[in-house]
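In: Next one to model:
(2 chains)
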There are 2 protein chains.
Amino acid sequence: MPLTGNALKNLRKLGNKKFRDQQDRFLIEGVRLLQEAVESDFEILEAYCTEEFLRDPAAEPLVQKLKKKARTLEQASARSLAAISDTVSPQGVVAVLARRKVDAVKLLKSTEAESIVVALDSVTDPGNLGSIVRTCDWFGVNGVLIGEKSVDLYNPKVIRATMGGLFHLAIAENVNLPSALSRAREQGYSVYVTDLKGEAHFDQLHYARKSVLVFGNEAWGVSDDLKALADTRIAIRRYGAAESLNVGVACGVVLSALHRLTNE
Amino acid sequence: MPLTGNALKNLRKLGNKKFRDQQDRFLIEGVRLLQEAVESDFEILEAYCTEEFLRDPAAEPLVQKLKKKARTLEQASARSLAAISDTVSPQGVVAVLARRKVDAVKLLKSTEAESIVVALDSVTDPGNLGSIVRTCDWFGVNGVLIGEKSVDLYNPKVIRATMGGLFHLAIAENVNLPSALSRAREQGYSVYVTDLKGEAHFDQLHYARKSVLVFGNEAWGVSDDLKALADTRIAIRRYGAAESLNVGVACGVVLSALHRLTNE
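Out: Residues are numbered from 1 along each chain as shown, chains lettered A, B, ... in the order given. The predicted structure follows:
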């Protein structure tokens, strides 16, 4: 069945957050993300690929997995896939996935003795959110809590920048952070809020075995109500003249120190 | 003198690397960057602002400095400034600056007893290059060497992402890195190359008091000829499933460790 006008229109609409929210589904594209998706526990509702892709021997293993895992796998013209693509060089394969709902309360109830959770308060740049998820994936965090005012996790630019991290991590969205941080403390977590004026130097601490790290908005940092819920406000020492660090970079710097300083 | 068709055309052309190279000049826009520019040693060749901007009492200190420092300051319509703007909400002020040439050899000849230099091999994403410059600015590095195959430092997206770092740091462009790294070693620097397969863990080293840190391309890392010039190949330990870290994040993580491990 070819990709008809209406189906194509619906796929294009998935570029829009409002429509993604209504439909509880999102679009991914390209070999790399599709490979991650077939290995993940995300449900693949629809997959589309070009004739050329179907015939490419290198694509054969992925096509086989899609045949098993996707509810439908249909052929589509390169032209129609290019029309829904967010990238300059579409790779001839896209899929629609069901949004996965991760519950923040359950995530925090994990019985692990050691756990790192990253909470994001109003991170609004898609590249930053994607980069943070990727960084969290590298440093093996146990979960990510995305606050209500952050950019949408399923924004195509965010998905691309996660480099697959979206499929590896437990990520709760639209989280009421004041409530979640209070809950985290009840569950034995210590809450560390990054703050340019923080009193504790991030690499001279002993981090708790269960830690929540809170990062904030690109322009104004973490909001005051969340700062009030912190056990410790941490700062990254500045040696030069910059006014601030990029939030994704700050996340990597703190996670790298936390690993060292928890295991000491 | 209003901004005529031809002058406007020339300003628009500065969005193009070829033209920037021919003219040895580049364009910046917005209050924040202009404020950095007037305090820097960059030469301001031309400045343009809207009538509204000239009348804004909050802009008065910047306008005064521009009057002193810019060779010309002219009024232009909001419409013409919007036409050359790379941003969604132009702020009514732009300037053309002379490119500053920083010589890599001189930069490495610095007589400082302690020095950190960051070298970039084929960093191609504008956001990454900008973020790295900003991070280098935060961590007070002494100089940045940008290799021949990297994205242009004066790309508008790069400039914006440096958040002023462009004006605070000594940055050499189009550097022949094999030659520069050999020179650095002659000058007493130790060369640390980041490498996913590096044998040294980045936060268990004692860094030399004069260090060059080399970061590579987003997809394939540092090239083999540069790896061969390394004193040490360093890796950032991975705890999770991600294939790699973003290069800007890696830069922050290593710089933060280097400061701690040089001063111990």
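
In: Which elements pack onto the top helix by length along chain A?
Out: In terms of residue count, the longest helix belonging to chain A (DSSP state H) is helix A:247-262. Counting contacts by 3 or more CB pairs under 8 Å, 6 or more residues apart in numbering or on different chains; DSSP states H and E, helix A:247-262 packs against strand A:115-120, helix A:126-138, strand A:190-194, strand A:210-215, helix B:126-138, helix B:247-262. Placement of C-beta: from N, CA and C, glycine included.

In: Pull the number of nearby residues for residue A:233.
Out: Counted with other CB atoms under 10 Å in any protein chain shown, the neighbours of residue A:233 add up to 18.

In: what does the one 5 residues further on give?
Out: The number of residues packed near residue A:238 is 15, by other CB under 10 Å.

In: Surely it and residue B:138 touch.
Out: Yes. Between residue A:238 and residue B:138 a contact is recorded at 5.6 Å, counting by CB atoms under 8 Å.

In: hmm, back to that, quick one: distance of the longest helix of chain A to the chain centre.
Out: 17 Å (CA atoms, centre = their mean, to the nearest Å).

In: quick one: the strands in chain A?
Out: A:25-29, A:44-49, A:73-75, A:93-98, A:115-120, A:143-147, A:171-175, A:190-194, A:200-201, A:210-215, A:232-235 (DSSP state E).

In: so what strands line up beside the shortest one?
Out: Strand pairing for strand A:200-201, using DSSP bridges, gives strand A:232-235 (parallel).

In: What are the contacting residues of the strand it pairs with?
Out: A:190-202, A:205, A:227, A:254 (CB atoms under 8 Å, 6 or more residues apart in numbering or on different chains).

In: Okay, buried residues for it please.
Out: A:232, A:233, A:234 (16 or more other CB atoms under 10 Å in any protein chain shown).

In: Tell me the one among these nearest to residue A:97.
Out: Using CB to CB, residue A:234 comes nearest to residue A:97 of the buried residues of strand A:232-235, at 35.7 Å.

In: what bridges to that closest one?
Out: Under the criterion used (DSSP bridges), residue A:234 bridges to residue A:194, residue A:200.

In: how much space between it and residue A:185?
Out: Separation of residue A:234 from residue A:185 (CB to CB, to the nearest Å) stands at 16 Å.

In: confidence score at residue A:238?
Out: Per-residue pLDDT puts residue A:238 at 95.

In: Please name the residues that touch residue A:176.
Out: A:147, A:148.

In: can we see that at 10 Å?
Out: Residue A:176 makes contacts with A:104, A:145, A:147, A:148, A:182, A:183, as judged by CB atoms under 10 Å, 6 or more residues apart in numbering or on different chains.

In: Could you pick out the buried ones from those residues?
Out: Buried among those (16+ other CB under 10 Å): A:104, A:145, A:147, A:183.

In: what two of these have the greatest distance between them?
Out: Across these (CB to CB), the longest gap, 13.9 Å, separates A:147 and A:183.

In: Identify the residues contacting whatever residue of the stretch 1-150 of chain A ends up closest to chain B.
Out: Distances between the stretch 1-150 of chain A and chain B by CB to the nearest CB are smallest at residue A:140, namely 3.3 Å. Taking CB under 10 Å, 6+ apart, we find residue A:140 in contact with A:116, A:168, A:169, A:255, A:259, B:237, B:238, B:239, B:240, B:241, B:242.

In: likewise residue A:258?
Out: By CB under 10 Å, 6+ apart, the neighbours of residue A:258 are A:116, A:139, A:141, A:192, A:202, A:203, A:205, A:207, A:208, A:211, A:213, A:234.

In: any idea which of these is the one closest to chain B?
Out: Distances from chain B to those, taken by CB to the nearest CB, are shortest for residue A:139, at 5.1 Å.

In: how many neighbours does the residue nearest to that closest one when sequence neighbours are not counted have?
Out: Leaving aside its chain neighbours, residue A:139 sits nearest to residue A:255 (4.0 Å; criterion: CB to CB, 6 or more residues apart in numbering or on different chains). For residue A:255, the tally of surrounding residues (other CB under 10 Å) stands at 25.

In: can you pull the contacts of residue A:255?
Out: Taking CB under 10 Å, 6+ apart, one finds A:116, A:118, A:132, A:135-136, A:138-141, A:211, A:213, B:239-240, B:249, B:253 in contact with residue A:255.

In: So among those, which ones count as buried?
Out: Taking 16+ other CB under 10 Å as the criterion, what is buried in the contacts of residue A:255 is A:116, A:118, A:132, A:135-136, A:138-141, A:211, A:213, B:240, B:249, B:253.

In: Just flag the most distant two among those.
Out: Farthest apart among the buried ones among the contacts of residue A:255 - using CB to CB - are A:211 and B:249, which lie 18.9 Å from each other.

In: Point out where the stretch 151-264 of chain A drops to low pLDDT.
Out: Applying pLDDT under 70 to the stretch 151-264 of chain A flags residues A:263-264.

In: okay but residue A:237 is in contact with residue A:257, surely?
Out: No. Checked against CB atoms under 10 Å, the pair residue A:237 and residue A:257 is beyond contact range at 11.1 Å.

In: of the two, who's got more company?
Out: residue A:257 (23 against 14).

In: check contacts around the more buried one.
Out: A:201-205, A:207, A:234, A:236, B:203, B:253, B:256-257, B:260.

In: Now residue A:168: closest residue in space that isn't a chain neighbour?
Out: residue B:241 (4.4 Å).

In: Could you verify my assumption that the one you found touches residue A:166?
Out: No. At 11.3 Å, residue B:241 does not count as touching residue A:166 under the criterion of CB under 10 Å.

In: So which of the two has more stuff around it?
Out: residue A:166 (28 against 14).

In: how far away is the more buried one from residue A:132?
Out: Taken as CB to CB, the span from residue A:166 to residue A:132 is 11 Å.

In: likewise residue A:193?
Out: Remark: distance between residue A:193 and residue A:132 (CB to CB) = 15 Å.

In: ditto for residue A:181
Out: 17 Å.

In: Contact distance from chain B - what residues of the stretch 151-264 of chain A qualify?
Out: Contact residues (CB under 10 Å from any CB of the partner chain) of the stretch 151-264 of chain A with chain B: A:161-165, A:167-169, A:201-204, A:236-246, A:248-257, A:259-260.

In: again, only using 7 Å
Out: Residues of the stretch 151-264 of chain A lying near chain B by CB under 7 Å from any CB of the partner chain: A:163-165, A:168, A:203, A:236, A:238-243, A:245-246, A:248-249, A:252-253, A:256, A:259-260.

In: Any quick PyMOL command for the buried ones out of the residues you listed?
Out: Only the buried entries of these go into this PyMOL selection, using 16+ other CB under 10 Å:
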select buried, chain A and resi 163+164+165+168+203+236+240+242+245+246+248+249+252+253+256+259+260
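
In: any idea how chain A splits into domains?
Out: A:5-98, A:104-262 (automatic domain parsing).

In: for the ones you listed, which one ends up most surrounded?
Out: Compared across these, domain A:104-262 shows the largest average neighbour count, a mean of 20 (mean count of other CB atoms under 10 Å in any protein chain shown).

In: From the opening residue of stretch A:49-59 to its closing one, how far?
Out: One end of stretch A:49-59 to the other measures 10 Å (CA to CA, to the nearest Å).

In: So what's the gap between it and the chain middle?
Out: 29 Å.

In: now stretch A:181-196
Out: 20 Å.

In: And stretch A:61-80, by the same measure?
Out: For stretch A:61-80, the distance to the chain centre is 24 Å (CA atoms, centre = their mean).

In: Now do the end-to-end distance for it.
Out: End-to-end span of stretch A:61-80 (CA to CA): 24 Å.

In: what sits up against it?
Out: A:1-3, A:8, A:31, A:34-35, A:38, A:44-52, A:54, A:92, A:95 (CB atoms under 7 Å, 6 or more residues apart in numbering or on different chains).
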